[in-house]
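K.L.:
Predicted coordinates and the sequence they were generated for:
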Amino acid sequence: PQDPSAWKLKRVIDGLQPALDDRVSVIVEFMLAYVTSPTVEIEFKLGSLVEKSENIRATAVLPVLSIAPLQTEASDKVAFRSFVNQQTFEYLNKQLNRRVELGEATHKRARESVLVYGDRLRVMRRREGDAYVPVQAQRKQRLEDLNFLAPMHEFDLRLSASNEVAESMPSADRVPITERVRDRLSYCSGLLSLDITSVEQYELRGGQRAPKPTMSFEVELEVLPEAQLFTECEKLRAGVANGVYSIAFHLWHSAVGILDLVRTAAITSGHAAT
């Protein structure tokens, strides 16, 4: 496939090189608005945008044909269900393992438990043998979301900016209310990481797990710390050469690439979106 960044397009009206996709420009503006410290994380999630009043996928009520970002006002009328089905999870796992075998990506696996407290404090615990060892306490503050409706695809996208703040470990007398047991595979290529995670969520009663967990599968695409996104945003704010557009470009087209891959699999199996 050709690299669109090498096309050297010029606009008829003024001879300037255009933005190749205005959705990338929207993402750049989102980054500029919310990447205000090195601790801000930017990531896409796959899921489904559901229109709240009808409780159906928003593609059924919003008249767009291609992938479109939603204004904040419209986003207030939809809910995002941030999970995919097991079939999609297993298909992506298989395809990503092929990339690793070809030397086009690296991967690592993490098994961990996250204890969630009533005030949204989270304690991350790493699995060591048969036990989980506390590693870090933090609060994840959601700064803003940018929803993308994808009517021709099986799933929609949500771009999130979040600030992860380290906290002190909770005292022994505090009792968590939820536990999320995660088995995460992270596939890294360039400045991006594609994480696919199976999650068992337990309600805790007096610190003890309820008998049956809720099982879900999550797909996330995040900008790695190596991208130095905050530094690049600061350069853009200062009006000097920077890599923000390049990061946004690759983030966006990688996210769309995931949707395309899933859609191809769905068409093959006869379950494509209509």
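P.N.:
That came through fine.

K.L.:
Please make it C-alpha for all contacts and neighbour counts, starting now.
P.N.:
Fine.

K.L.:
show me where the protein has helices.
P.N.:
Using DSSP state H, the helices found in the chain span residues 22-34, 72-75, 86-101, 229-237, 244-269.

K.L.:
Please spell out which residues along stretch 125-139 are buried.
P.N.:
Within stretch 125-139, the residues scored as buried using 16 or more other Cα atoms under 10 Å are 125, 126, 127, 134, 137, 138, 139.

K.L.:
To clarify, my last question referred to stretch 154-172.
P.N.:
154, 155, 156, 157, 158, 159, 160, 161, 162, 163, 164.

K.L.:
same check, this time on stretch 204-213
P.N.:
residue 204.

K.L.:
Report the mean confidence score over it.
P.N.:
For stretch 204-213, the mean per-residue pLDDT is 88.

K.L.:
Span of it from start to end?
P.N.:
10 Å (Cα to Cα, to the nearest Å).

K.L.:
roughly how far is it from the heart of the chain?
P.N.:
28 Å (Cα atoms, centre = their mean, to the nearest Å).

K.L.:
Format the helices of the chain as a markdown table; extra columns: mean pLDDT and mean neighbour count.
P.N.:
Below are the helices of the chain laid out as a markdown table (pLDDT from 0 to 100; neighbours: other Cα atoms under 10 Å):
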| stretch | mean pLDDT | mean neighbour count |
| --- | --- | --- |
| helix 22-34 | 94 | 17 |
| helix 72-75 | 79 | 12 |
| helix 86-101 | 92 | 15 |
| helix 229-237 | 96 | 19 |
| helix 244-269 | 86 | 17 |
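
K.L.:
Regarding residue 238, what are the backbone dihedral angles?
P.N.:
Backbone geometry at residue 238, expressed as degrees, to the nearest 10, gives phi -80, psi -10.

K.L.:
For burial, what's the neighbour tally of it?
P.N.:
Look at residue 238: counted by other Cα atoms under 10 Å, it has 10 neighbours.

K.L.:
the longest strand in this structure is where?
P.N.:
Longest strand of the chain, by residue count under DSSP state E: strand 131-149.

K.L.:
That one vs helix 22-34, what angle?
P.N.:
Between strand 131-149 and helix 22-34, the angle comes out at 130 degrees (axes from the mean of the first three to the mean of the last three Cα atoms, to 10 degrees).

K.L.:
Pull up the pairing partners for strand 131-149, direction included.
P.N.:
Paired neighbours of strand 131-149 in the sheet (DSSP bridges): strand 68-69 (antiparallel), strand 122-128 (antiparallel), strand 156-167 (antiparallel).

K.L.:
Report the beta-bridge partner residues of residue 112.
P.N.:
Here residue 112, judged by DSSP bridges, has bridge partners residue 126, residue 182.

K.L.:
ends of stretch 223-230, how far apart?
P.N.:
Note: stretch 223-230 ends 11 Å apart using Cα to Cα.

K.L.:
ok so, going back, which one of the strands paired with strand 131-149 lies closest to residue 52?
P.N.:
Evaluated over the strands paired with strand 131-149, closeness to residue 52 peaks at strand 156-167, with 15.4 Å, by Cα to Cα.

K.L.:
Nearest to residue 110 among the buried residues of stretch 154-172?
P.N.:
Distances from residue 110 to those, taken as Cα to Cα, are shortest for residue 164 (18.9 Å).

K.L.:
residue contacts, that closest one?
P.N.:
Taking Cα atoms under 8 Å, 6 or more residues apart in numbering, we find residue 164 in contact with 39, 40, 41, 138, 139, 140, 141.
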